[in-house]
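Asker: how does the following fold in three dimensions:
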Amino acid sequence: MNNQTGKPLEHYQSIYKNLDPQEIAQRCNLEFNCNTSTFNLRILGTEYRVPHPQFALLDTDGKEPADMYEKILFLRYLCEGKWLPSQGKKLSYNEIPWGQVYYRNFAGRCLQRCAVTFGREIAAFVQMMEQTPQLRAEAQKAGDASYCLEFTNNLFVTIILWQGDEEFPPSAQILFNDNFVFAFTAEDIVVVGDILISRLKSMMR
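Answerer: Reported below is the predicted structural model:
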């Protein structure tokens, strides 16, 4: 753990442990098990238990993700985010508050990476989406391949891929259901994109 991840983790852990778990459950629309003092959280279909007051992301085997940024992202969500029902709109990153300020970062870390990772292997991407039941991905009509899937509890993203040809390279778009703006900041949504691509890439192997 380095200062870039260790300091924020310690900071938000100190906030988290003093919050009322019932308030968190209501604000984030999560189930809280009073018997085990844990929240039930999903990340791309994988089930996690999140203890309170000591934060951890524990899968069914009791293991935590190796990526510290994942822990910080979801810890921040439990401390500061909230869930509201979607109004049915899907937003590009540019349409998210402050998204234009961080767009270059998002474009490089997420859109270009998504295009390179999946746009050259669209058949494998489609196969993964169709044959990985935990994702519960729904095919969409945009691009050469597109799917809507749940990033975390009732917060959905849509990935759109264009394969490209001899003249143009592959390209990608990631859309976020409009209730993302209440759950995560623009900076955090860059991390959402990172996690989304990394986890899906690991499922394609």
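Asker: and Q163, how far from S171?
Answerer: 9 Å (CB to CB, to the nearest Å). To be clear about C-beta, it is placed using only N, CA and C from the backbone, and glycine gets the same treatment.
Asker: anything in contact with each of the two?
Answerer: Common contacts of Q163 and S171 (CB atoms under 8 Å, 6 or more residues apart in numbering): G119.
Asker: so which bits of stretch 45-52 are buried?
Answerer: Across stretch 45-52, burial judged by 16 or more other CB atoms under 10 Å covers 45, 48-50, 52.
Asker: and for stretch 86-95?
Answerer: 86, 90-91, 93.
Asker: out of the residues you listed, which are inside strands?
Answerer: If you go by DSSP state E, these have 90-91 in strands.
Asker: from the buried residues of stretch 86-95, pick the one nearest Q112.
Answerer: The closest of the buried residues of stretch 86-95 to Q112 turns out to be Y93 (CB to CB; 12.5 Å).
Asker: now do the contacts for the closest one.
Answerer: 99, 102-103, 106-107, 110-111, 174, 176, 186, 189.
Asker: one more time with 6 Å, if that's ok
Answerer: Counting by CB atoms under 6 Å, 6 or more residues apart in numbering, Y93 makes contact with 99, 106.
Asker: let me see the mean pLDDT of the top helix by length along the chain.
Answerer: In the chain, assigned by DSSP state H, the helix with the most residues is helix 186-204. For helix 186-204, mean pLDDT rounds to 96.
Asker: that one: how far from the chain's middle?
Answerer: A distance of 6 Å separates the centroid of the chain from that of helix 186-204, by CA atoms, centre = their mean, to the nearest Å.
Asker: what do you get for stretch 15-26?
Answerer: That offset, for stretch 15-26, works out to 21 Å (CA atoms, centre = their mean).
Asker: what sits against V157?
Answerer: V157 is in contact with 151, 176, counting by CB under 6 Å, 6+ apart.
Asker: give me the distance between it and W83.
Answerer: Plainly put, V157 is 15 Å away from W83 if you go by CB to CB.
Asker: next: D144.
Answerer: Distance from D144 to W83, by CB to CB: 32 Å.
Asker: and if you look at L200?
Answerer: The value you get for L200 to W83, if CB to CB is used, is 23 Å.
Asker: more neighbours: these two, which one.
Answerer: L200 (22 against 19; other CB atoms under 10 Å).
Asker: what residue spans form the domains of this structure?
Answerer: Listed by automatic domain parsing, the domain ranges of the chain are 3-80, 90-204.
Asker: identify each buried residue in the helix or strand encompassing L41, please.
Answerer: Per DSSP states H and E: L41 is located in strand 38-43. Neighbour-count burial for strand 38-43, counted by 16+ other CB under 10 Å, picks out 38-39, 41-43.
Asker: follow-up on the earlier one: how about residues contacting the longest helix of the chain?
Answerer: Outside helix 186-204, the residues within contact range by CB under 6 Å, 6+ apart are 44, 69-70, 73, 96, 98-99, 102, 105-106, 109-110, 113-114, 117, 124, 128, 132, 174.
Asker: alright, that wraps it up for me.
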